[in-house]
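A.B. asks: Quick one: sequence and predicted model below, then my questions.
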Amino acid sequence: MGDNTALNNTSDKPIKVNKWETNAVKNALDDACKKYFKETLNFTEDFKLMDGRLYISFIACVFSGFALVYDWLNPFPKSRSILILCVIAYFILMGILTFYMQFIESGKFYAGKLVDKAGVDPVSRCTVSSKLKKYDDIYHLTLDYNDGTNQTINSIQSLSKSVGNYFDENGVLCYDRFTADLRHIYDQVRLNTRKIK
């Protein structure tokens, strides 16, 4: 029982970052967004987007491992053609992985689904992406929502605000301010979905 209390205390601890480090600020806001969707809105995370990256990387590692084992069993002059084939396949897969991360993931850090416990309503899906440029203080958050009634129609809502709205002078995240804006764009995107019908 004491261990659970210690874990709860660490998760409720305020998030503090170096406010001049762009990546730390972006990651803190992204994590707070994930926490809001999981704990407050009861979404369950859908890992299909991240699984694609893992599958591509796994296949590249299989080619590397096969080349290593084949070269060990058949030293270099015999394994030359297999090594060339595996190296080419590895670099092609790394190119595919780069394309996947750049254009398919493209800043998406959370994909979730909301399943109705009664089983009456269809599964709602939500994808969240963000962007914070290196020497810029404007945090861009995009919410892509589908209520499950029509899989082809998505409603998109964006938020662009300065990170100074969400962090105090000491670099502590003001979670309530951030979640108020999240709640607002989530309500807007759901309202837009109803209007589209």
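C.D. replies: Thanks, I have the structure now.
A.B. asks: For the protein, identify the residue most remote from the centre.
C.D. replies: Distance from the centre of the chain peaks at residue 77, with 44.8 Å (Cα atoms, centre = their mean).
A.B. asks: Doesn't that one lie inside a helix?
C.D. replies: Yes. Note on residue 77: a helix contains this position according to DSSP: H, G, I helix; E, B strand; the rest coil.
A.B. asks: Please tell me how far the residue nearest to the spatial centre of the chain sits from residue 169.
C.D. replies: Closest residue to the average C-alpha location of the chain: residue 109 at 1.5 Å, with Cα atoms, centre = their mean. Counting by Cβ to Cβ, to the nearest Å, the separation of residue 109 from residue 169 is 27 Å. To be clear about C-beta, it is placed using only N, CA and C from the backbone, and glycine gets the same treatment.
A.B. asks: So what's the residue count around residue 125?
C.D. replies: Using other Cβ atoms under 10 Å, residue 125 has 18 other residues around it.
A.B. asks: If it is in a bridge, with which residues?
C.D. replies: Beta-bridge pairing of residue 125 under DSSP bridges involves residue 113, residue 146.
A.B. asks: ok, now the one 4 residues further on?
C.D. replies: In this entry, residue 129 is beta-bridged to residue 108, residue 142, by DSSP bridges.
A.B. asks: Look up the closest residue to residue 177, ignoring the ones flanking it.
C.D. replies: Excluding the flanking residues, the one nearest residue 177 by Cβ to Cβ, 6 or more residues apart in numbering is residue 166, at 5.7 Å.
A.B. asks: show me what contacts the one you found?
C.D. replies: Neighbour list for residue 166: 29, 139, 173, 174, 177, 178 [criterion: Cβ atoms under 8 Å, 6 or more residues apart in numbering].
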